[in-house]
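Chemist: Model the structure of this input:
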Amino acid sequence: RLPLSSFDFLLRLTVRPAVYRDGLGMSISTQAMVVSLCKSFDFLMGFVVGQASDKLRTRWGRRKPFMAALCPIFILSFLLICNPPASLGVDPNGGDAFAL
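Modeler: Numbers count the residues shown, from 1 in each chain. Sure, this is the predicted structure:
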């Protein structure tokens, strides 16, 4: 049995480069740079949010205010990924926007 992370790796290896190359016209090196920048930003933000949430003391707890504040941002991001603007050149009816 393969773990779920193997399926995710397979999608990242095959689907995402094709969507970025065909839909957005990105080269492989540009894709690698974008992914590296996103992973680096995610790594650094983990420390920033962790430090801030460890020091926060509210009557709702330490983590719940962060979840409540970031939930609308997550929802908006998810909607934009699933429904990309037409100016990006990705066909919203093609279903390939879900592969991003």
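Chemist: what's the longest helix in the chain?
Modeler: Secondary structure of the chain per DSSP state H: the longest helix is helix 28-55.
Chemist: other SSEs contacting whichever helix or strand comes after that one?
Modeler: For helix 28-55, the succeeding helix or strand toward the C-terminus, using DSSP states H and E, is helix 64-82. Contacts defined by 3 or more CB pairs under 8 Å, 6 or more residues apart in numbering; DSSP states H and E place helix 64-82 against helix 28-55. Every C-beta, even on glycine, is put in place using the N, C-alpha and C of the backbone.
Chemist: buried stuff in the helix it packs on?
Modeler: Gln31 (16 or more other CB atoms under 10 Å).
Chemist: I'd like to check the angle between it and helix 64-82, please.
Modeler: 160 degrees (axes from the mean of the first three to the mean of the last three CA atoms, to 10 degrees).
Chemist: my guess is Gln31 contacts Tyr20, does it?
Modeler: Yes: using CB atoms under 8 Å, Gln31 makes contact with Tyr20 at a distance of 5.1 Å.
Chemist: pLDDT below threshold where in this structure?
Modeler: Along the chain, the parts satisfying pLDDT under 70 run over 1-16, 84-100.
Chemist: change it to 50
Modeler: Applying pLDDT under 50 to the chain flags residues 97-100.
Chemist: number of nearby residues for Lys64?
Modeler: As a burial measure, Lys64 scores 13 neighbours (other CB atoms under 10 Å).
Chemist: again, but for Phe66
Modeler: Neighbour count for Phe66, taken as other CB under 10 Å: 15.
Chemist: repeat for the one 3 residues further on
Modeler: Taking other CB under 10 Å as the criterion, the count of residues near Ala69 is 9.
Chemist: Over to Thr58: give its phi and psi.
Modeler: The phi/psi pair for Thr58 (degrees, to the nearest 10) reads phi -130, psi 170.
Chemist: OK, contacts around it?
Modeler: Shown in contact with Thr58 (CB atoms under 8 Å, 6 or more residues apart in numbering): 64-65.
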